[in-house]
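Peer 1: How does the following fold in three dimensions:
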Amino acid sequence: MASGNDTGKEIKQELARKYTVILLMPILVGLLLVFFWRYVLYANGIYFNEKAETPVLYLIIPLVGFIYVIFASIAVNSALDKYKTITKSITQADVETYLLHREAKMPALLHILVGAPSLILVLLAVFFNYPEIYIGGVAVFSIVFVVSQTWIIVTELDNFHTRKSFKAQVPQHWHEIDTKSFFESKVRP
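Peer 2: Predicted coordinates for the structure are as follows:
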């Protein structure tokens, strides 16, 4: 019984660490970029000139933001679909579906389609010429926080099956099944 409690305690600690990272990492990244923006770029006058304000605000940011929202929502939706499929396969004791999706990863191209607009939005935020330092700090932090948190959550959802808390729900012998051998044996008559 003690080992069950220890395992439960380990799982709770793992989840607490994971959720702490999910919450604190975007805050840390946001604060680091705000300090970089404030003490390196803003302090040295490194930002777009005033003539760039209109195209940046009314053309580039809306277009890049729109593209970001589309691909970020596809990435989150794909990761959630995988999560639902795998958890449903465990509940229904469907080892075949579990093995089909266990090792599937989000395509690298989708990561690029989310990452490229993210980077552009962050660069636009840090190089924009804000009328006041506080508005700039809030804008930079907000954009970096949202982009970082989306990236971290999508990555976490794509890799959730590696956590102890999830593995504890999966029948032990499923972890030891070689996916390739399992499906090759199904094809052979």
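
Peer 1: separation between residue 155 and residue 110?
Peer 2: Here the distance between residue 155 and residue 110 works out to 12 Å (C-beta to C-beta, to the nearest Å). (C-beta placed from N, C-alpha, C; glycine too.)

Peer 1: swap that for residue 58, sorry
Peer 2: Distance from residue 58 to residue 110, by C-beta to C-beta: 28 Å.

Peer 1: Just list the residues touching residue 106, thanks.
Peer 2: Each residue near residue 106 by C-beta atoms under 8 Å, 6 or more residues apart in numbering is listed here: 75, 78, 79, 154, 158.

Peer 1: give me that answer again for 10 Å
Peer 2: By C-beta atoms under 10 Å, 6 or more residues apart in numbering, the contact list for residue 106 reads 74, 75, 78, 79, 82, 114, 154, 155, 157, 158, 159.

Peer 1: For residue 91, state which of the residues you listed is nearest.
Peer 2: Taking C-beta to C-beta as the measure, residue 91 sits nearest to residue 82 out of the contacts of residue 106, at 15.1 Å.

Peer 1: I'd assumed residue 98 was in contact with that closest one.
Peer 2: No - using C-beta atoms under 10 Å as the test, residue 82 is too far from residue 98 to be in contact (11.3 Å).
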